[in-house]
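Trainee: Model the following, please.
(2 chains)
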Number of protein chains: 2
Amino acid sequence: MKNIAVLGTGMVGNTIGTKLTQLGYNVMMGSRSATNQKALAWAEANGANASAGTFEDAAKFGEIIFNCTKGEIALDVFKMAGTENFNGKTIIDISNPLDFSKGMPPSLIPELSNTNSLGEEIQKLLPEANVVKTLNIVNCEVMVDAKKSGGDPTMFMSGNSAEAKEEAKAILEQFGWNDIIDLGDITTARGTEMLLPIWLRTWMATGNGYFAFKIVR
Amino acid sequence: MKNIAVLGTGMVGNTIGTKLTQLGYNVMMGSRSATNQKALAWAEANGANASAGTFEDAAKFGEIIFNCTKGEIALDVFKMAGTENFNGKTIIDISNPLDFSKGMPPSLIPELSNTNSLGEEIQKLLPEANVVKTLNIVNCEVMVDAKKSGGDPTMFMSGNSAEAKEEAKAILEQFGWNDIIDLGDITTARGTEMLLPIWLRTWMATGNGYFAFKIVR
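Mentor: As a prediction, the model looks like this:
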């Protein structure tokens, strides 16, 4: 099984990392420091194929890298990890460019939305890596178990590399996603990142975060 | 049956107007001039309860007004129609703030998206009218016949007036929408207007415009 790095120790990184270890992958959770208590506790709880390290350790370890950091710090995290450590690798980017500075619900960071996206900026920062934007449009429990939405929803993928999208798709299928739409190159991440405002408002209106989008067609 | 005005003579106005006359409503299509050939031809083709007039004629005629104009001119159309003619009335706003100036697919007009929306700007221009944003997230044939998407999709509604949303909902149900989510006040139109970028990219990726969004939950 492949080595996978998970960048970020929050709820998303935790849930993704745990699911990947359950699927048999070797997973290293990366954070700012090698002694991050949350990352060490996660590794301790998830058996022999779970480990923890710095962002740089994780980037070197992973053949596939899940970006589970907050959107506002994602670019800095890739820099801290050493951009050369991502060369030739598939990056599954789950982050969203949320802007909490203008009140709730968050809007999108203006320079990273509409005519740009965080996915594109990560791809520009790491021109020799293959960024695939996906999974960013549901809560993390639904990410790893699509059926938790209560049906058979759609997941979108965006990326420049067909090979990297195949790698991502294989994992999405292991997460229970049966209806996957390949939107095209990484610029199409603008569309999926701009789903966050309706996700937030649907959640607020229904009081239920366990939902997902289905393209009925 | 109520009198309904349809502002706009394009494909959306035509399709909405035709469906409303078929449902038995009295419909006036409004345009810049009382002698607009497209509006007159539409009225001619749709029987005794179809008529055509200026934006002002239509605004005065309608108890409910469908805004089927292009987003970039919508505010000007309401001004041309005489803003006072909308007082106390329900406006069903289908328009989208698409910006074609930066290439294809269109993005959203920056000052009308993310931290603002066209729906909100129309409500600000017409403080004594009740704007309901809805239907703007599917093609016009699916708008008037939800089943044309191939399933039982979700439609969102946003607006400040519960009464106006009930009026809109009754028409949505006549258009075949069974799963309607009331997102809340008109600021939630930011979420539905920001669905256009993913709508456009899904259409481009699948080659199929007869789809709709379902909130699986």
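Trainee: show me the contacts for the closest residue to residue A:186 other than its chain neighbours.
Mentor: Ranked by C-beta to C-beta, 6 or more residues apart in numbering or on different chains and with sequence neighbours excluded, the top spatial neighbour of residue A:186 is residue A:123, at 4.8 Å. Quick note: C-beta positions are derived from backbone N, CA and C, even for glycine. Applying C-beta atoms under 8 Å, 6 or more residues apart in numbering or on different chains, we find residue A:123 in contact with A:129, A:131, A:160, A:186.
Trainee: what mean pLDDT does whichever strand or helix holds residue A:123 have?
Mentor: For residue A:123, the enclosing helix or strand under DSSP states H and E is helix A:118-125. Per-residue pLDDT values across helix A:118-125 average out to 98.
Trainee: could I get that helix in PDB with only the CA atoms?
Mentor: The C-alpha atoms that make up helix A:118-125 are tabulated as PDB, following Å, rounded to 0.1, in the frame of the first residue of the first chain:
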ATOM      1  CA  LEU A 118      -6.800  28.200  -3.900                       C
ATOM      2  CA  GLY A 119      -6.300  25.000  -5.900                       C
ATOM      3  CA  GLU A 120      -4.800  27.000  -8.800                       C
ATOM      4  CA  GLU A 121      -2.500  28.900  -6.400                       C
ATOM      5  CA  ILE A 122      -1.200  25.700  -4.900                       C
ATOM      6  CA  GLN A 123      -0.600  24.300  -8.400                       C
ATOM      7  CA  LYS A 124       1.300  27.500  -9.300                       C
ATOM      8  CA  LEU A 125       3.400  27.200  -6.100                       C
END
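Trainee: what's the following helix or strand after that helix?
Mentor: Once helix A:118-125 ends, the next helix or strand along the chain (criterion: DSSP H and E) is strand A:130-134.
Trainee: So what are the sheet partners of that following strand and their directions?
Mentor: As defined by DSSP bridges, the strand partners of strand A:130-134 come to strand A:90-93 (parallel), strand A:154-159 (antiparallel).
Trainee: now could you export just the CA positions of the last one as CSV?
Mentor: Right, strand A:154-159. This file holds the C-alpha atoms of strand A:154-159, laid out as CSV (Å, rounded to 0.1, in the frame of the first residue of the first chain):
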residue,chain,number,x,y,z
THR,A,154,-21.8,13.5,-6.7
MET,A,155,-18.2,14.4,-6.1
PHE,A,156,-16.2,16.7,-8.4
MET,A,157,-12.6,16.5,-9.3
SER,A,158,-10.4,19.2,-10.9
GLY,A,159,-6.7,18.8,-11.9
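Trainee: and that strand with helix A:118-125, angle?
Mentor: Inter-element angle recorded for strand A:154-159 and helix A:118-125: 20 degrees (by axes from the mean of the first three to the mean of the last three C-alpha atoms, to 10 degrees).
Trainee: can you list the residues that contact strand A:154-159?
Mentor: Looking at what lies outside strand A:154-159 - C-beta under 8 Å, 6+ apart - the contacts are A:119, A:130-135, A:137, A:146, A:165, A:168-169, A:172, A:177, A:179-189, A:191-192, A:212-215, B:198, B:202.
Trainee: Is the helix or strand following it positioned near chain B?
Mentor: Sequence-wise, the next helix or strand downstream of strand A:154-159 (DSSP H and E) is helix A:162-174. No: against chain B, helix A:162-174 shows no contacts by C-beta under 8 Å from any C-beta of the partner chain, the least distance being 12.1 Å.
Trainee: Paired strands for whichever helix or strand comes after helix A:162-174, with orientation please.
Mentor: Per DSSP H and E, the first helix or strand lying C-terminal to helix A:162-174 is strand A:179-184. Each strand paired with strand A:179-184, and its direction, by DSSP bridges: strand A:154-159 (parallel).
Trainee: Geometric centre of chain A: which residue is closest?
Mentor: The centroid of chain A falls nearest to residue A:94 when counting by C-alpha atoms, centre = their mean (2.2 Å).
Trainee: you'd agree that residue is up against residue A:136?
Mentor: Yes: counting by C-beta atoms under 8 Å, residue A:136 is a contact partner of residue A:94 at 5.0 Å.
Trainee: in stretch A:125-136, what's buried?
Mentor: A:126, A:129, A:130, A:131, A:132, A:133, A:134, A:135, A:136 (16 or more other C-beta atoms under 10 Å in any protein chain shown).
Trainee: Can you say which two of those are spatially most distant?
Mentor: Using C-beta to C-beta, the pair of the buried residues of stretch A:125-136 lying farthest apart is A:126 and A:135, separated by 18.4 Å.
Trainee: returning to what we had before: now a ChimeraX select for only the buried ones of the contacts of strand A:154-159.
Mentor: Selection command for ChimeraX covering only the buried members of the contacts of strand A:154-159, criterion 16+ other C-beta under 10 Å:
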select /A:119,130,131,132,133,134,135,137,146,165,168,169,172,177,181,182,183,184,186,187,188,189,191,192,212,213,214,215 /B:198,202
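Trainee: before we move on, back to that, may I see the strands paired with strand A:130-134 arranged in JSON lines, with mean pLDDT and mean neighbour count as well?
Mentor: Putting the strands paired with strand A:130-134 into JSON lines (pLDDT from 0 to 100; neighbours: other C-beta atoms under 10 Å in any protein chain shown) gives the following:
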{"stretch": "strand A:90-93", "mean pLDDT": "98", "mean neighbour count": "27"}
{"stretch": "strand A:154-159", "mean pLDDT": "98", "mean neighbour count": "26"}
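Trainee: need these in a markdown table with distance to residue B:32, can you?
Mentor: Listed next are those as a markdown table, based on distance: least, C-beta to C-beta, whole Å:
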| stretch | distance to residue B:32 |
| --- | --- |
| strand A:90-93 | 47 |
| strand A:154-159 | 40 |
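Trainee: and of the ones you listed, who's closest to residue B:15?
Mentor: strand A:154-159 (25.8 Å).
Trainee: between that closest one and helix A:162-174, how big is the angle?
Mentor: Going by the same axes, to 10 degrees, strand A:154-159 makes 160 degrees with helix A:162-174.
Trainee: what does chain A put close to chain B?
Mentor: Residues of chain A lying near chain B (C-beta under 8 Å from any C-beta): A:102, A:107-108, A:110, A:113-115, A:149-153, A:156, A:181-184, A:188, A:190-192, A:194-195, A:197-198, A:200-202, A:204-206, A:208, A:210-217.
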